[in-house]
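# Below are the sequence and a predicted model; questions follow.
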Amino acid sequence: MPLPRLIILILGLSVIIGLIIWLINSIYRLYISISFTAPLLANFLIFLIMGLLGLLIYAFIYYFNIFSSRKASRHRNKRYTNLKLPEQKTEAAQENLNAIRRQLETIQDKVAQKALLNRSQEIAENLTRGELKVVIFGTGSAGKTSLVNALLGEIIGQVQATMGTTKIGETYCLKLKGLSREILITDTPGILEAGIEGTEREQLARQLATEADLLLFVVDNDLRQSEYKPLQILVDIGKRSLLVFNKVDLYTEEEENQIIQKLKERVKSFIPEQDVISVAANPQTFASETGQTIQPSPDILPLIKRLAAILRAEGEDLIADNILLQSQRLGEEARNLIDRQRKR
């Protein structure tokens, strides 16, 4: 115990003991002076004073314990608050990357070794920069590019009804109020397209989706089995996902409600209800009474609100989880390659 606190404690105890001696002496004199004339009153007064003293001591101990427990609770809460989970995850990711680089030194296939080293370098750079990666994923012509257009507020890429519009992963920057980190939005090629070229684009889309911090899976109707499987796989490997029902302007309000309820029911085991959102990224034009063609504004406000809430509340964890996941997956690839090398 520090010397100043020890001195204060000794002085405090000395004062308390002195007050107790003075109080006992005063009570004894009072009892003597009353007991000669009214013994019962003197005994009652003594018991009353003793009871009050006991109550006072109990109250002091009670409130002292409350104060101590609250102080300890605040200390624990502060200690747990100071534990930054994302930092622990990123440290684990960095350790994984260091271990992977040591493993890669034993790989004899120089081409595979270089490819894995490049990927480890990319993950390390992502760890340093820390942008939030939002990937738009889904079938061809579900309205992914239109959704990106609406989010950014400007036309990017081609917006057509034909399949296979986005042939490569195109990334755009977005700043969100109240969020210090930069948001990178990637528009991926559509999945489930026919032909060799469609298969190659789908592989690229899936690769980009696995690198996302947050995934927006876009559909324009109820989920087909061919859409359900890739979405479930991505969620199972740890991708935080929103299911976005686009093109609701093509449906009546009753039809929209029916489809959104079906979507919520189908994905309830791995996506919360509040993360199933309906939008109209590029509403169809219509003619006014005067014959003028009117282009309605995109109706994506519910998505923007949910997106902002998730990125503000979970952004740091999403980045840390994604980087840790990527480093673990890269480590598995390196170990599998080394195992095959040993078998050869």
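All right, it came through fine.
# Give me the distance between Val134 and Val218.
12 Å (CB to CB, to the nearest Å). Quick note: C-beta positions are derived from backbone N, CA and C, even for glycine.
# Going toward the C-terminus from the helix or strand of the chain with the lowest mean pLDDT, what's the next helix or strand?
Least confident helix or strand, the chain: helix 39-82 with a mean of 59, by mean pLDDT, DSSP states H and E. Counting by DSSP states H and E, the next helix or strand C-terminal to helix 39-82 is helix 85-104.
# Can you name the next helix or strand after that next one?
Where DSSP H and E defines the elements, the next helix or strand beyond helix 85-104 is helix 110-129.
# what does that next one rub up against?
The contact list for helix 110-129 (CB atoms under 8 Å, 6 or more residues apart in numbering) reads 90, 93-94, 97, 100-101, 104, 107, 323, 326-327, 330, 333-334, 337.
# Which of the residues you listed are buried, as a PyMOL select command?
Of the contacts of helix 110-129, the buried ones go into a single PyMOL selection, burial set by 16 or more other CB atoms under 10 Å:
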select buried, resi 90+93+94+97+100+104+107+323+326+327+330+334+337
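# tell me the angle the helix or strand where Ala308 lies makes with helix 110-129.
Ala308 belongs to helix 301-343 when assigned by DSSP H and E. Interaxial angle, helix 301-343 versus helix 110-129 (axes from the mean of the first three to the mean of the last three CA atoms, to 10 degrees): 140 degrees.
# helices or strands up against helix 301-343?
Counting contacts by 3 or more CB pairs under 8 Å, 6 or more residues apart in numbering; DSSP states H and E, helix 301-343 is packed against helix 85-104, helix 110-129, strand 132-138, helix 144-152, strand 214-219, strand 240-245, strand 276-278.
# Could you check how far Glu200 is from Arg312?
For Glu200 relative to Arg312 (CB to CB), the value is 36 Å.
# before we move on, back to that, of all the helices and strands packed on helix 301-343, which lies closest to Pro298?
Ranking the helices and strands packed on helix 301-343 by proximity to Pro298 (CB to CB) places helix 144-152 first, at 3.7 Å.
# Any chance you could give me the closest one in CSV, C-alpha atoms only?
C-alpha atoms of helix 144-152 as CSV (Å, rounded to 0.1, in the frame of the first residue of the first chain):
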residue,chain,number,x,y,z
LYS,A,144,-26.9,-5.7,-59.6
THR,A,145,-25.4,-2.9,-61.7
SER,A,146,-28.6,-0.9,-61.4
LEU,A,147,-28.3,-1.3,-57.6
VAL,A,148,-24.7,-0.1,-57.6
ASN,A,149,-25.8,2.9,-59.8
ALA,A,150,-28.5,3.8,-57.3
LEU,A,151,-26.1,3.5,-54.3
LEU,A,152,-23.5,5.7,-55.9
